[in-house]
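In: Provided below for reference: sequence and predicted model.
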Amino acid sequence: METITTRAEAARATAPATQAPSKHGAPSTRSLRERWWAVFDLRIGALPLPVYLLLVGILAAMVHNGKLASDLPTGIALVAVGGFTCAELAKRIPWVRHVGATSIFAAFIPSAMVYYGLMPEPVTKAVTTFTKSSNFLYLFIAAIIVGSVLSMDRRTLVKGFVRIFIPLASGSVVAAIVGTSVGTALGLEAKQVFFYIVVPIMAGGVGEGALPLSAGYAQILGVEQGPLFAQALSAAMLGNISAICLAGLLSYLGARKPKLTGNGQLTIVSANQVTEASAAPEESSPSFDASSLAAAGGTAIALYLLGVLSHQWFHWPAPVVMLVFVVIAQLFQIVSPRVRGGARFMYSFFSTAVTYPLMFAISIAMTPWGEIVTAFHWINIVTAVSTVLSLAVTGFIVAKWVGMYPVEAAIVNVTHSGLGGTGDVAILTAANRMELMPFAQIATRIGGAIVVMMSLAAFSYWH
């Protein structure tokens with residue numbers, strides 16, 4: 001490659017301004033090798049086009065032969081081809097792509113295909129086994145959280161975590177009032193709207209939200225949990241879809257109105273702070289190498305396992321514990337600048353190359369399309385949209401009072417209606433702001449836990 005570059009530079013230095021004609025009088029063209037390289041540089045997601053086509057052919061042959069394995073290499077190939085295909089199709093749709101179509105396609109189309117029998121059974125089985133056995137959702141969340149937090153300026157980090165509770169709390173109160181009022185105005189009972197639609201939307205997902213919420217309702221009422229869980233899950237699904245669409249619209253608004261967004265940065269930084277940050281290169285742009293990347297990955301896994309251990313001992317949410325420890329590590333500069341540089345690259349890799357494959361895998365293995373379909377009643381849809389829209393609008397307005405960018409604050413607020421970690425991934429992908437994952441985890445995990453506790457207390461009093 002160096003030889004080719006050297007020859008090309010020498011030719012440009014000695015050649016005249018116009019390209020030398022060939023013996024037939026036409027300008028000389030690129031060689032066959034260069035044209036092949038140009039084709040190889042075409043991408044479907046992160047995959048070169050020839051590699052993508054080769055994988056499609058190989059996987060199709062394995063499905064036809066009935067020998068599609070569930071091992072790591074095959075699983076990676078399946079979710080990569082599926083996730084990048086969904087995202088690429090969505091990018092080709094005008095207008096819709098601005099409202100998070102790539103996330104919607106990757107998160108829900110595969111689930112619908114499984115539900116309607118359009119997904120080959122061997123693919124469904126292999127992806128489900130691979131996803132549940134590898135548990136790489138939490139590897140992704142660990143890499144994103146650790147990478148984004150260790151890449152932040154410490155002052156910005158402190159300001160963000162302290163201030164985010166203001167728009168989040170105010171948004172939750174406004175959303176509860178607006179969502180309940182809209183559902184009541186459309187003919188539903190106020191208590192039914194609040195406890196079975198609005199609360200599940202802001203409860204923090206499935207495992208941390210809909211499950212404990214429905215279990216609490218069932219215990220208080222003395223009935224079976226199953227129907228209550230299905231109802232709560234349906235509402236949470238609708239809220240998650242609404243949040244994805246709103247996140248895409250907020251991203252589009254930020255592109256049209258640059259003054260309203262920090263392009264992934266939550267708090268507004270003054271000119272003096274920018275100057276101080278630029279004067280400390282070891283803080284803002286640490287160098288790294290391959291060993292630093294490996295060290296960052298090991299750090300992320302260690303912090304996640306620390307969270308898992310805390311869950312085993314004290315039943316604390318593992319992602320929240322991991323988030324607390326990585327914030328402490330960044331505040332007290334426990335991690336070296338070189339490893340922080342590796343963490344930044346790790347974040348970039350996972351957000352670019354792993355997001356859509358992960359969403360495809362979760363859609364097949366963990367997203368029940370049947371529950372979504374049962375929730376598609378127009379009253380439920382309008383109530384869910386009004387609830388999530390209230391979260392976004394409140395965050396957008398309150399942001400200016402607490403020194404935050406309105407678009408980013410509104411996006412973090414709508415993650416409060418996300419389906420746990422999977423919902424946060426989908427929402428932030430639609431907004432193209434994966435840097436906000438630490439704050440999204442606060443909104444989803446801590447905000448959801450507070451909503452569940454307060455709602456169960458209120459339900460036991462008013463039932």
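Out: Right, received. Where do you want to start?
In: ok, and the closest non-adjacent residue to Gly179?
Out: What sits nearest to Gly179 in space, not counting adjacent residues and going by C-beta to C-beta, 6 or more residues apart in numbering, is Thr387, at 3.4 Å. Yep, even glycine has a C-beta here, placed from its N, CA and C like the rest.
In: Does the one you found touch Val199 like I think?
Out: No: taking contact to mean C-beta atoms under 8 Å, the distance of 9.8 Å between Thr387 and Val199 leaves them out of contact.
In: anything in contact with each of those two?
Out: By C-beta atoms under 8 Å, 6 or more residues apart in numbering, Thr387 and Val199 have these common neighbours: Ala176.
In: who's more crowded, these two?
Out: Looking at Thr387 and Val199 with other C-beta atoms under 10 Å, you find the greater number of neighbours at Thr387, namely 31 against 28.
In: helices or strands next to the helix or strand containing that one in the packing?
Out: Per DSSP states H and E: Thr387 is located in helix 378-399. Helix 378-399 makes packing contacts with helix 165-185, helix 199-201, helix 225-256, helix 406-414 when contacts are defined by 3 or more C-beta pairs under 8 Å, 6 or more residues apart in numbering; DSSP states H and E.
In: Any idea which of those helices gets closest to Ser133?
Out: Proximity to Ser133, assessed across those by C-beta to C-beta, is greatest for helix 225-256 (23.6 Å).
In: Would you mind listing the buried residues in that closest one?
Out: By neighbour count, with 16 or more other C-beta atoms under 10 Å as the criterion, the buried positions of helix 225-256 are 225, 228-254.
In: cool, and stretch 387-396?
Out: For stretch 387-396, burial by neighbour count (16+ other C-beta under 10 Å) applies to Thr387, Val388, Leu389, Ser390, Leu391, Ala392, Val393, Thr394, Gly395, Phe396.
In: Dump those to JSON lines, plus distance to Glu88.
Out: Output for the buried residues of stretch 387-396, formatted as JSON lines (distance: C-beta to C-beta, whole Å):
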{"residue": "Thr387", "distance to Glu88": "32"}
{"residue": "Val388", "distance to Glu88": "27"}
{"residue": "Leu389", "distance to Glu88": "29"}
{"residue": "Ser390", "distance to Glu88": "34"}
{"residue": "Leu391", "distance to Glu88": "31"}
{"residue": "Ala392", "distance to Glu88": "28"}
{"residue": "Val393", "distance to Glu88": "32"}
{"residue": "Thr394", "distance to Glu88": "35"}
{"residue": "Gly395", "distance to Glu88": "31"}
{"residue": "Phe396", "distance to Glu88": "31"}
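In: Going along the chain, name the strands of the chain.
Out: Per DSSP state E, the chain carries strands over the ranges 43-44, 47-48.
In: what comes into contact with the first one?
Out: Contacting residues not belonging to strand 43-44 are listed as Leu49, Tyr52, Phe84, Thr85, Glu88 [C-beta under 8 Å, 6+ apart].
In: For the last one, list the residues it contacts.
Out: The contact partners of Glu88, by C-beta under 8 Å, 6+ apart, come to Ile44, Gly45.
In: Show the pLDDT at Leu266.
Out: pLDDT, the model's per-residue confidence, is 89 for Leu266.
In: Go ahead and confirm it touches Leu436.
Out: Yes: the pair Leu266 / Leu436 is scored as a contact, 6.5 Å apart, by C-beta under 8 Å.
In: Need the residues touching each of these two.
Out: Contact criterion C-beta under 8 Å, 6+ apart; residues bridging Leu266 and Leu436 by contacting each: Glu408, Val412.
In: any idea how far Val114 is from Gly83?
Out: Distance, Gly83 to Val114, using C-beta to C-beta, to the nearest Å: 15 Å.
In: and what of Ala365?
Out: The separation that Ala365 has from Val114, given C-beta to C-beta, amounts to 9 Å.
In: now swap in Tyr138 and tell me
Out: Applying C-beta to C-beta to Tyr138 and Val114 gives a distance of 23 Å.
In: How about the contacts made by Leu260?
Out: With contacts defined as C-beta under 8 Å, 6+ apart, Leu260 is in contact with Leu253, Gly254, Tyr405, Pro406, Val407.
In: Now do it, the pLDDT please.
Out: In the prediction, the pLDDT value recorded for Leu260 is 94.
In: re the thing from before, give me the more crowded residue out of Ala365 and Val114.
Out: Legend: neighbour count by other C-beta under 10 Å for Ala365 and Val114, higher for Val114 (23 against 19).
In: just how off-centre is the helix holding Thr387 within its chain?
Out: 19 Å (C-alpha atoms, centre = their mean, to the nearest Å).
In: For the contacts of Leu260, give me TSV that also has pLDDT and distance to Ser348.
Out: Rendered in TSV, the data for the contacts of Leu260 read as follows (pLDDT from 0 to 100; distance: C-beta to C-beta, whole Å):
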residue	pLDDT	distance to Ser348
Leu253	94	25
Gly254	94	20
Tyr405	94	21
Pro406	95	26
Val407	95	21
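In: ok, and for stretch 190-207, which residues are buried?
Out: Within stretch 190-207, the residues that qualify as buried by neighbour count (16+ other C-beta under 10 Å) are 193-206.
In: roughly how far is it from the heart of the chain?
Out: Centroid displacement of stretch 190-207 relative to its chain, using C-alpha atoms, centre = their mean, is 22 Å.
In: any low-confidence regions in the stretch 151-300 of the chain?
Out: By pLDDT under 70, the low-scoring segments of the stretch 151-300 of the chain are 206-208, 226, 270-288.
In: follow-up on the earlier one: okay if I get the contacts of Leu260 as JSON lines plus distance to Ala300?
Out: Converted to JSON lines, these look like this (distance: C-beta to C-beta, whole Å):
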{"residue": "Leu253", "distance to Ala300": "32"}
{"residue": "Gly254", "distance to Ala300": "28"}
{"residue": "Tyr405", "distance to Ala300": "27"}
{"residue": "Pro406", "distance to Ala300": "31"}
{"residue": "Val407", "distance to Ala300": "28"}
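In: Grab the CA positions of stretch 202-217 and hand them over as PDB.
Out: The C-alpha atoms that make up stretch 202-217 are tabulated as PDB, following Å, rounded to 0.1, in the frame of the first residue of the first chain:
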ATOM      1  CA  MET A 202     -42.500   5.300  33.500                       C
ATOM      2  CA  ALA A 203     -41.800   2.200  35.600                       C
ATOM      3  CA  GLY A 204     -38.400   1.400  34.100                       C
ATOM      4  CA  GLY A 205     -39.000  -1.500  31.700                       C
ATOM      5  CA  VAL A 206     -39.900  -5.100  32.200                       C
ATOM      6  CA  GLY A 207     -37.700  -6.800  34.800                       C
ATOM      7  CA  GLU A 208     -37.400  -3.700  37.000                       C
ATOM      8  CA  GLY A 209     -40.800  -2.200  36.100                       C
ATOM      9  CA  ALA A 210     -43.700  -4.200  34.700                       C
ATOM     10  CA  LEU A 211     -42.900  -7.400  36.700                       C
ATOM     11  CA  PRO A 212     -42.600  -6.000  40.200                       C
ATOM     12  CA  LEU A 213     -45.400  -3.600  39.500                       C
ATOM     13  CA  SER A 214     -47.800  -6.300  38.300                       C
ATOM     14  CA  ALA A 215     -46.700  -8.600  41.200                       C
ATOM     15  CA  GLY A 216     -47.500  -5.800  43.700                       C
ATOM     16  CA  TYR A 217     -50.900  -5.100  42.100                       C
END
